[in-house]
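Student: output the structure for:
(one chain, ligands or ions: 1)
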Amino acid sequence: MKLVVAISGASGAPYAKRLLDFLAAHGPAAGVSADLVFTQTGKQVWKQEIGAEPSYPFRVWKNQDFTAPFASGSALYDGMVVVPCSAGALARIAYGLSVDLVGRAADVMLKERRRLVLVLRETPISLVHARAMTQVIEAGAFVMPASPSFYSGPKTIDALVDTVVARVLDRLGLPNDLMKRWDGLASERWDTRAAAPAVSGPRAPPTPPLAPGQAHPPAPALAEPPEDEP
Ligand SMILES: Cc1cc2nc3c(=O)[nH]c(=O)nc-3n(C[C@H](O)[C@H](O)[C@H](O)COP(=O)(O)O)c2cc1C
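Tutor: Just a heads-up that it's a prediction; the model follows:
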C-alpha cells in the first residue's frame, strides 16, 4: 500500500507524529510505504507543539514540488491522510485548488476514487467549514475530526491521541491495537459507576437563525449553576 501523509498547519501535530511513528514501525512489515509532505504552517505548528523537525524513513516532499509521483493519478497511490487538517487545507481540497502539493495530491485521490482521510482540527465549525466538509464527503473523502474519545479509559495524553490515530488507521485498513476496542458494557475496563445526575435547571431557548447581513448577537451571560443539594 502506498500512502501520502500530509501535515498542515492546524493544532494536532501529536496525531501526525503518532501516525508516522506507527507507519515507521509497522509499515514495512505490512507492505506499507509512506510519502510525507508538510505545508509551511504545518512545519511551524509541529515545531511549536513537538519541537525539532521529524526524521523518518519516508520520502519527504516540498509542498511546491509537483513532480512528486503522487501528484499524478498514474502513480497509483492507495490513500492519503491530512493530519492535522487545517480549515484552510479543507477549503482548498473541497474546491479543488491544487495550488500546493497537498491540495493537488488530495485532488488526485478524489478524482481517482482513492481513500482520502482528513483529520480536521478547528473549533467552532463555521458554515463555511460545514459546507466544505459536505463537499469533500460527497466527493468521497472521510472527515475525521480530531476529537479524542474517552470510553476506552485513556490515562495519558498519548493514549488519548491514540484514540484518534487508531480510527484513522482503521479507515486506511491498517490493523492496529492502539486503543481498547468497545466490547460492550460487560467488559471489565468500562467504568460501571452510576451515571452522573442529569443537569437540572431551565434550558436556554434555541438561538434563532441570523437574517442575511445580520450581525451575530453577543453571547448571553452564563447563569450561575444551581447549588448542589446537601
Ligand atoms: C500555532 C498555530 C495553531 C493553529 N491551529 C489551527 C487549527 O487548529 N485549525 C486551523 O484550521 N488553523 C489553525 N491555525 C491557522 C493555520 O495555520 C492557517 O490558517 C494556515 O493558513 C493554514 O495553512 P495550511 O493549510 O497551508 O497548513 C494555526 C496556526 C498556528 C500558528
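
Student: gap between residue 120 and residue 168?
Tutor: 12 Å (Cβ to Cβ, to the nearest Å). For glycine as for every other residue, the C-beta is placed from the backbone atoms N, C-alpha and C.

Student: which neighbours do these two have in common?
Tutor: Common contacts of residue 120 and residue 168, defined by Cβ atoms under 8 Å, 6 or more residues apart in numbering, comprise residue 144.

Student: pLDDT weak spots in this protein?
Tutor: Counting by pLDDT under 70, the chain shows low-confidence ranges at 186-230.

Student: which parts of it sit against the ligand?
Tutor: For the chain, the contact set with the ligand under Cβ under 6 Å from any ligand atom comprises 8-11, 39, 41-42, 44-45, 48, 86-89, 121-122.

Student: cutoff 5 Å now
Tutor: Proximity of the chain to the ligand is assessed by Cβ under 5 Å from any ligand atom, with 8-11, 39, 41-42, 45, 48, 86-89, 121-122 identified as the residues in range.

Student: show the buried residues in those.
Tutor: In terms of neighbour count (16 or more other Cβ atoms under 10 Å), the buried residues within the residues of the chain next to the ligand are 8-10, 39, 41-42, 45, 86-89, 121-122.

Student: show me the strands in this protein, by range?
Tutor: Listed in chain order, the strands found in the chain under DSSP state E are 2-7, 33-38, 59-61, 79-85, 115-120, 142-143.

Student: name the residues that touch the first one?
Tutor: Contact partners of strand 2-7, identified using Cβ under 8 Å, 6+ apart, comprise 13, 16, 19-20, 23, 32-39, 42-43, 46, 58, 70, 75-84, 89, 101-102, 105-106, 109, 172.

Student: if the residue lying closest to residue 76 once chain neighbours are set aside is in a bridge, with which residues?
Tutor: The shortest distance from residue 76 to any residue other than its chain neighbours is 7.1 Å, reached at residue 2 (Cβ to Cβ, 6 or more residues apart in numbering). For residue 2, the beta-bridge partners under DSSP bridges are residue 33.

Student: what residues of the lengthiest helix in the chain count as buried?
Tutor: Looking across the chain with DSSP state H, the single longest helix is helix 13-30. For helix 13-30, burial by neighbour count (16+ other Cβ under 10 Å) applies to 13, 14, 15, 16, 17, 18, 19, 20, 22, 23, 27.

Student: tell me the one of the residues you listed nearest residue 162?
Tutor: For the buried residues of helix 13-30, the closest approach to residue 162 (Cβ to Cβ) belongs to residue 18, at 6.4 Å.

Student: for the closest one, give me its contacts.
Tutor: Residues touching residue 18, when contacts are defined by Cβ under 8 Å, 6+ apart, comprise 158, 161, 162, 165, 178.

Student: would you confirm that the second one contacts residue 16?
Tutor: No: Residue 161 is beyond contact range of residue 16, at 9.9 Å (criterion: Cβ atoms under 8 Å).

Student: still on that earlier bit, any chance of JSON lines for the buried ones among the residues of the chain next to the ligand, columns distance to residue 132?
Tutor: Compiled in JSON lines, those are given as follows (distance: Cβ to Cβ, whole Å):
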{"residue": "8", "distance to residue 132": "14"}
{"residue": "9", "distance to residue 132": "16"}
{"residue": "10", "distance to residue 132": "14"}
{"residue": "39", "distance to residue 132": "16"}
{"residue": "41", "distance to residue 132": "18"}
{"residue": "42", "distance to residue 132": "18"}
{"residue": "45", "distance to residue 132": "20"}
{"residue": "86", "distance to residue 132": "11"}
{"residue": "87", "distance to residue 132": "8"}
{"residue": "88", "distance to residue 132": "10"}
{"residue": "89", "distance to residue 132": "10"}
{"residue": "121", "distance to residue 132": "14"}
{"residue": "122", "distance to residue 132": "10"}
